[in-house]
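>>> sharing a sequence plus its predicted fold:
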Amino acid sequence: MQFRLWAPAEDWVTLLVGRNEIAMRPAGDGWYAVETDLARPGDSYSFRLSDGLVIPDPAAHAQEKDVEGPSVLIDHAGYAWQHPGWKGRPWEEAVLYELHVGAFTPEGTFRAAIERLPHLRDVGITAIEIMPVAHFAGQRGWGYDGVLHYAPHNAYGTPDDLKALIDAAHGHGIMVLLDVVYNHFGPVGNVLPRIAPPFFHPERHTPWGAALAFEREVVRRYFIDNALHWIVGYRFDGLRLDATEEIHDESERHVLIEMAETIRQAVPDRQVHLVVEDQLSRKSLLNRDDGVVRHYTAGWNDEFHHALHVVATGERQGHYAPFAQDTYALLREAAAKGFVHADRSRDRVGPAPQDRLPPQVNVNFLQNHDQVGNRAFGDRLARLADPALLDVMTVLLLLAPPVPLLFMGEEYGEDRPFLFFANFTGDLARAVRQGRKKEAEKFGGLEAGQTVEDLPDPNAEETLQRSKLDWSRATSPGGRRRIDFVRALIRLRQTHVAPLLSAEAAPHILPAEDGVLAIDWRFPAATLCLRANLTGERKAWPAAGGDAIFELAAETAAGPAIVVTVDHAASAPIGTKVALAGS
């Protein structure tokens, strides 16, 4: 078995495996290597540095305990896949469900999550998106402070447990995407600044620490190989890349482009979906070639959420300030096309798209871990929005062409908070606690009379416990009604909307008064029309004909309501029209 470590700052390195200490040989360009038959799968191992410090493997596939302890050798060939023939599903069928493994079930493990997959399948979920599992410091956290990117966090289970979750999901026809963080390392347990300072760029920083030196081949390979590790070794159906605007690279070929091309070349026989969170809204990441995805499949459409959140709550500070003026004009643009604040001058990742980007290039959501968890008290929309308006927003989410994402529990109306939680100690714990007020101000702020002292302690075990889903609510009368509502909408989506998405669409925003959305997506086979009144007042809008296939009427003549119609005119293919009533 061969061991390698990039440690250009070290004079010598020793491998510790079992009771053996084996000197590693310089292998050029800062690498140390050794081959030995004294190591077996399941053995613990570490590296001893020049001054005697013992560190884990920065590319460990598992840890014995925490991030600063020994690593564990893993035999990935030992897992027997039950569904080896799974090839994935088309992106057009995607209905995403974001979940945090630790808060999804009372047990908070990969194995426990398997028991809830039939529920998700029956609701109509076709893809789960798992928040980051790369090993981070402590037992609990959101996962965005990972430092061992190849090792699943052992509080959730073993590598085989994670494979079993993915395998089981495939058995239910559900894709599995993993949220990965390739823009920074967490603040505890990262040994790379000590052994390999050139891993980080000397002049750049991200909001969370030193920027990575992606111009260096060893840095590029660490993250590209990590993506392959999850896609090939664990058979994930895709990745969601966190905050790609903080992945700076001045190389001739941007690391994001090289990563996507490498993945697609490695698994040409599977449907792999790569999704970006990109605050720059760079269209060059999302290029198509005759309708075929070249690099990234889709991007999170934060603007859709932000504009709709202002409508639903009236909050206008922080992230919502750019939507305080011309809210409905921005919402129309975000709902119809996305890329509301795209800046072409900063889109330098690759060539500008030649093909029209399809509507499913956007991932829409009413809430997600950021929008809920970064609020002062983790409030979900179920506690913030008028129920009638929330119903209309849910229909808008699930029946418009962009791919919808639900946050865990949303399908049954969960009203427990999802809070920010971590497991830091000392000065870092105090800094994180103080930082919550600043973060909360970006997502609604503190209510009058509240102070930072009222915020939940992110480092307390209780904060995680309060954030766990209350599954008893899913079986309550209200929970069952909500599930039936969401299930019916997803079925309509798969029947009437998804089949249209394989072809190009031209979105058109029709003139309408404030409070009303009037958007047509013109596909070759049909035109999908959306008419929405998001106010409590009577409003007029352009007509949308067709036969109603779904109707949610307001109790009074005015107010949010919805009607879904489909045109089966003999002279044209299926024409699906969605009209939100109230006029």
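That came through, no problem. Numbers count the residues shown, from 1 in each chain.
>>> look at His319 and give its secondary structure.
helix (DSSP: H, G, I helix; E, B strand; the rest coil).
>>> give me the phi and psi angles of the closest residue to it other than its chain neighbours.
Spatial nearest neighbour of His319, excluding adjacent residues (C-beta to C-beta, 6 or more residues apart in numbering): Lys442 at 5.0 Å. (Glycine included, C-beta is placed from N, CA and C.) The phi and psi torsions at Lys442 (degrees, to the nearest 10) take the values phi -80, psi -20.
>>> and Thr327, how far from His306?
Plainly put, Thr327 is 9 Å away from His306 if you go by C-beta to C-beta, to the nearest Å.
>>> counting neighbours, go ahead and name the busier of the two.
His306 (23 against 20; other C-beta atoms under 10 Å).
>>> quick one, what contacts the more buried one?
319-320, 322-323, 334 (C-beta atoms under 8 Å, 6 or more residues apart in numbering).
>>> can I get those residues in CSV with distance to Glu115?
Output for the contacts of His306, formatted as CSV (distance: C-beta to C-beta, whole Å):
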residue, distance to Glu115
His319, 36
Tyr320, 37
Pro322, 42
Phe323, 40
Ala334, 37
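>>> nearest to Ala385, of those residues?
Tyr320 (14.0 Å; C-beta to C-beta).
>>> after the helix or strand where Ala335 lies, next one along is what?
Here Ala335 sits within helix 327-336, counting by DSSP states H and E. Using DSSP H and E, the helix or strand that follows helix 327-336 towards the C-terminus is strand 362-365.
>>> who touches that next one?
In contact with strand 362-365 (C-beta under 8 Å, 6+ apart) are residues 96, 98, 275, 298-301, 304-305, 335, 338, 371, 397, 400, 402-407.
>>> these in strands, which ones?
Counting by DSSP state E, the part of the contacts of strand 362-365 found in strands is 96, 98, 275, 298-300, 403-407.
>>> quick one: which of those is nearest Ala62?
Of the ones in strands among the contacts of strand 362-365, the one sitting nearest to Ala62 (C-beta to C-beta) turns out to be Glu98, at 24.9 Å.
>>> tell me the backbone dihedrals of the residue nearest to that closest one when sequence neighbours are not counted, please.
The spatial neighbour of Glu98 that comes closest, neighbours along the chain excluded (C-beta to C-beta, 6+ apart), is Glu129 at 4.7 Å. Note on Glu129: its backbone torsions stand at phi -120, psi 110 [degrees, to the nearest 10].
>>> go on, the one 3 residues further on?
In this entry, Pro132 is assigned phi and psi values of phi -50, psi 140 (degrees, to the nearest 10).
>>> right, and it touches His149 too?
No. Between Pro132 and His149 there is no contact under C-beta atoms under 8 Å: 9.1 Å.
>>> distance of the residue nearest to Asp290 when sequence neighbours are not counted from Val293?
In space, and not counting its chain neighbours, Asp290 is closest to Asp355: 7.0 Å by C-beta to C-beta, 6+ apart. Here Asp355 is placed at a distance of 10 Å from Val293 (C-beta to C-beta).
>>> same check on Met175?
From Met175 across to Val293, the span is 15 Å (C-beta to C-beta).
>>> if we can go back for a sec, more neighbours, Asp355 and Val293?
Val293 (20 against 13).
>>> OK, contacts around the more buried one?
91, 286.
>>> for Glu68, same thing?
Neighbours of Glu68 in contact, by C-beta under 8 Å, 6+ apart: 55-56, 137, 188-189.
>>> for my notes, confirm it occurs in a helix.
No. Glu68: not assigned to a helix; according to three-state DSSP it is coil.
>>> per-residue confidence at it?
With respect to pLDDT, Glu68 scores 94.
>>> just Gly28 next, same as before
Value for Gly28, per-residue pLDDT: 96.
>>> for it, give its distance to Pro8.
Distance from Gly28 to Pro8, by C-beta to C-beta: 10 Å.
>>> same question for Arg294.
35 Å.
>>> more neighbours, these two?
Here Arg294 and Pro8 are compared on neighbour count by other C-beta under 10 Å; more neighbours surround Arg294, at 19 against 14.
>>> give me the nearest residue to that one, chain neighbours excluded.
Spatial nearest neighbour of Arg294, excluding adjacent residues (C-beta to C-beta, 6+ apart): Asn287 at 4.3 Å.
>>> from what I see, the one you found and Arg356 are in contact.
No. Asn287 lies out of contact with Arg356 (C-beta under 8 Å); the separation is 11.2 Å.
>>> which one's more surrounded, those two?
Asn287 (22 against 13).
>>> need the per-residue pLDDT for the more buried one.
90.
>>> and Ser583, by the same measure?
pLDDT, Ser583: 38.
>>> same question for Pro573.
Reported pLDDT for Pro573: 35.
>>> try the one 3 residues further on
Thr576 carries a pLDDT score of 39 in this model.
>>> hmm, back to that, give me the common contacts of Pro132 and His149.
Residues touching both Pro132 and His149 (C-beta under 8 Å, 6+ apart) are 180-181.
>>> and the strands in the stretch 201-350 of the chain, which stretches?
For the stretch 201-350 of the chain, strands defined by DSSP state E, counting those that start in this stretch occupy the ranges 209-212, 238-241, 273-276, 288-289, 292-293, 298-300.
>>> which of the ones you listed comes out lowest on mean pLDDT?
strand 288-289 (a mean of 88).
>>> for the stretch 51-200 of the chain, which segments count as strands?
Using DSSP E, counting those that start in this stretch, strands in the stretch 51-200 of the chain cover 54-55, 71-72, 96-99, 127-130, 134-136, 146-152, 175-180, 200-206.
>>> dump the last one to CSV, restricted to CA.
Once non-C-alpha atoms are left out, strand 200-206 reads as follows in CSV (Å, rounded to 0.1, in the frame of the first residue of the first chain):
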residue,chain,number,x,y,z
PHE,A,200,-3.2,28.9,0.1
HIS,A,201,-3.0,32.1,-1.9
PRO,A,202,-0.9,34.7,0.0
GLU,A,203,-2.9,37.8,-1.2
ARG,A,204,-6.5,36.5,-1.3
HIS,A,205,-9.1,35.9,1.4
THR,A,206,-12.6,34.6,1.5
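>>> tell me what that strand is packed against?
strand 209-212 (3 or more C-beta pairs under 8 Å, 6 or more residues apart in numbering; DSSP states H and E).
>>> paired strands for the strand it packs on, with orientation please.
strand 200-206 (antiparallel) (DSSP bridges).
>>> just give me how far the partner strand sits from the chain centre.
In terms of C-alpha atoms, centre = their mean, to the nearest Å, the centre of strand 200-206 is set 25 Å apart from its chain centre.
>>> name the residues that touch it?
Here strand 200-206 makes contact (C-beta under 8 Å, 6+ apart) with 183-184, 192-193, 210-213, 215, 243, 246, 248.
>>> in that strand, what counts as buried?
200-201, 206 (16 or more other C-beta atoms under 10 Å).
>>> one more: stretch 488-507?
Buried residues in stretch 488-507, counted by 16+ other C-beta under 10 Å: 489-490, 492-493, 496-501, 505, 507.
>>> for stretch 91-98, measure first residue to last.
Length of stretch 91-98, first residue to last, C-alpha to C-alpha, to the nearest Å: 16 Å.
>>> now swap in stretch 75-93 and tell me
Using C-alpha to C-alpha, the end-to-end distance of stretch 75-93 comes to 34 Å.
>>> picking up where we left off before, closest one of the buried residues of strand 200-206 to His76?
Nearest to His76 among the buried residues of strand 200-206, with distances taken as C-beta to C-beta, is Phe200, at 29.3 Å.
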